[in-house]
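*Asks:* Got a predicted model here, sequence first, then my questions.
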Amino acid sequence: MDGFILHGDKRADQTLVSNVFLDEYMPSANGEYVKIYLYLLRCLSSEQAKLSLTLIADRFDHTEGDILRALKYWEKMKLVKLEYSDSNSLAGIRLLNGGEPSQKAAAEKPAAPKPPAPETPELPPLSMEEQQQLLFICEQYLGKTLSSTEVSRITYFHDVLGFGPDLIEYLVEYCVSRRHKSLRYIESVALAWHKEGYTSVSEAKEHTTTYSKAYFSILKAFGITNRNPVDAEIFFMNQWIRDYGFSLELITEACSRTMAAIHQPSFEYADKILATWKKEKIVSLAEVKALDARHRSGKTGPENAASRKTMAPNRFHNFRERSYDFGELEKQLINH
């Protein structure tokens, strides 16, 4: 991964931590996030201003996603400013003073604007008791003790995505009920809900209920029963519903045609059918039938018939055709 520049008001040979940070920000922050922020201060006071997510992740034995979550948290707290390149990759981190850029930083050229993110509700920090209760419930669902990295992911749902404790509990319950206990999978679902703007359990339930019904209807059209969809199948189904915008009627029709053509369920084959319909701007089953009719007429139309009559000669047709009177030939054979 490409590196980024760390810049701000450079300190002396010591790493200085403001009392404002210690008094107002540190008590409510996740411990792993505090480590990352202190490490940025340390790097800024040294000659190591060129960093990367990979370098920081290796330093703390975390993933790059863990580091990025910490950075986004401090950006939300207005203690850092993340700068992005034209390709939307992280290009710089600017440390801010008291939530505002320093005078030196303000005089420099502003960074490329970051694409707008979904609006996140402002939630009060979790109390120690609330956080402990939430983590206890998550551990019960997941059937294990959470590591510090996993705790950071859970608190990220609240601190950055704006999920309340009840929504986080439902998120974990929903994923576990579908046999997914990976925090990476749970995070991907959380990000999808955040992108859709879900902020309450009722909104998430309506979403998951609607999609669950659609999933099982599609599986049934493939003749698949008595099991949940796997990740690869969910990817295709989400693409058909969200990206292509097809109705369930059209999707199940594509599944039926897949079964008729190759006699086995294939999400890849059905996707080719639906991609063709999307290209043709098909939005209803009636338009599918009209497209079928055009294809049939194109194969058996007068243009093709004429082309077959005027077929170019080949090695089987480059001789002079003869006409025979088969009745006369039969008489000659009898007389002989």
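*Replies:* Yep, it's here.

*Asks:* May I have the secondary structure class of residue 82?
*Replies:* strand (DSSP: H, G, I helix; E, B strand; the rest coil).

*Asks:* what's the pLDDT at it?
*Replies:* The predicted structure scores residue 82 at 86 on the pLDDT scale.

*Asks:* The one 4 residues further on now?
*Replies:* Per-residue confidence at residue 86 stands at 77 (pLDDT).

*Asks:* Make sure it is indeed in a strand.
*Replies:* No - using three-state DSSP, the secondary structure at residue 86 is coil, not a strand.

*Asks:* Pull the number of nearby residues for it.
*Replies:* Taking other Cβ atoms under 10 Å as the criterion, the count of residues near residue 86 is 7. Any C-beta I mention is one placed from the backbone N, CA and C, and that applies to glycine too.

*Asks:* cool, the one 10 residues further on as well?
*Replies:* Around residue 96 sit 18 other residues, with neighbours defined as other Cβ under 10 Å.

*Asks:* That one reaches residue 75, doesn't it?
*Replies:* No - contact criterion Cβ atoms under 8 Å: residue 96 and residue 75 do not qualify, at 9.2 Å.

*Asks:* what's the overlap in contacts for the two?
*Replies:* Residues touching both residue 96 and residue 75 comprise residue 81, with contact defined as Cβ atoms under 8 Å, 6 or more residues apart in numbering.

*Asks:* which stretches of the stretch 1-150 of the chain have low pLDDT?
*Replies:* Applying pLDDT under 70 to the stretch 1-150 of the chain picks out residues 1-13, 47-50, 98-122.

*Asks:* How about the stretch 151-300 of the chain?
*Replies:* Residues of the stretch 151-300 of the chain meeting the criterion pLDDT under 70: 210, 299-300.

*Asks:* show me where it has helices.
*Replies:* Taking DSSP state H, counting those that start in this stretch, the helices of the stretch 151-300 of the chain run over residues 165-177, 183-196, 201-221, 231-238, 248-262, 267-279, 285-300.

*Asks:* Residue 25: which of those is closest?
*Replies:* Taking Cβ to Cβ as the criterion, residue 25 comes closest to helix 165-177 out of the helices of the stretch 151-300 of the chain, the separation being 21.1 Å.

*Asks:* got the contact list for the closest one?
*Replies:* Helix 165-177 is contacted from outside by 126, 130, 133-134, 137-138, 141-142, 154, 157-158, 163, 181, 185-186, 189-190, 193, 198-201, 204-205, 208, using Cβ under 8 Å, 6+ apart.

*Asks:* re the thing from before, quick check: which of the helices of the stretch 151-300 of the chain is buried the most?
*Replies:* For the helices of the stretch 151-300 of the chain, the largest average neighbour count (mean count of other Cβ atoms under 10 Å) is found in helix 165-177, namely a mean of 19.

*Asks:* I'd like the distance from the closest residue to residue 205 other than its chain neighbours to residue 52, if you could.
*Replies:* Across the structure, with Cβ to Cβ, 6 or more residues apart in numbering as the measure, the residue nearest residue 205 apart from its sequence neighbours is residue 170 (7.3 Å). The spacing between residue 170 and residue 52, counted by Cβ to Cβ, to the nearest Å, is 36 Å.

*Asks:* Kindly report the same for residue 278.
*Replies:* Counting by Cβ to Cβ, the gap between residue 278 and residue 52 amounts to 39 Å.

*Asks:* Same check on residue 187?
*Replies:* From residue 187 over to residue 52 (counting by Cβ to Cβ), the distance is 22 Å.

*Asks:* quick one, phi psi at residue 222?
*Replies:* Note on residue 222: backbone dihedrals following degrees, to the nearest 10 are phi -90, psi 0.

*Asks:* Same check on residue 61?
*Replies:* Taking degrees, to the nearest 10 as the convention, residue 61 sits at phi 60, psi 40.

*Asks:* oh, and call the first residue 130 from now on, that's how I've got it
*Replies:* Taking 130 as the first residue, the last one we looked at is residue 190.

*Asks:* Next, count neighbours for it.
*Replies:* Applying the criterion other Cβ under 10 Å, we find 8 residues in the vicinity of residue 190.

*Asks:* tell me the contacts of the nearest residue to residue 284 once chain neighbours are set aside?
*Replies:* Nearest non-adjacent residue to residue 284, counting by Cβ to Cβ, 6+ apart: residue 159, 4.7 Å away. Residues in contact with residue 159 (Cβ under 8 Å, 6+ apart) are 199, 202, 280, 281, 284, 285, 288.

*Asks:* top of those residues by neighbour count?
*Replies:* Neighbour count (other Cβ under 10 Å) singles out residue 199 as the most crowded of those, with 28 neighbours.

*Asks:* so how far is the host helix or strand of that residue off the chain centroid?
*Replies:* Remark: residue 199 resides in helix 193-205, with elements defined by DSSP states H and E. In terms of Cα atoms, centre = their mean, to the nearest Å, the centre of helix 193-205 is found 19 Å from the chain centre.

*Asks:* just stretch 212-224 next, same as before
*Replies:* Here stretch 212-224 is found 21 Å from its chain centre; the criterion is Cα atoms, centre = their mean.
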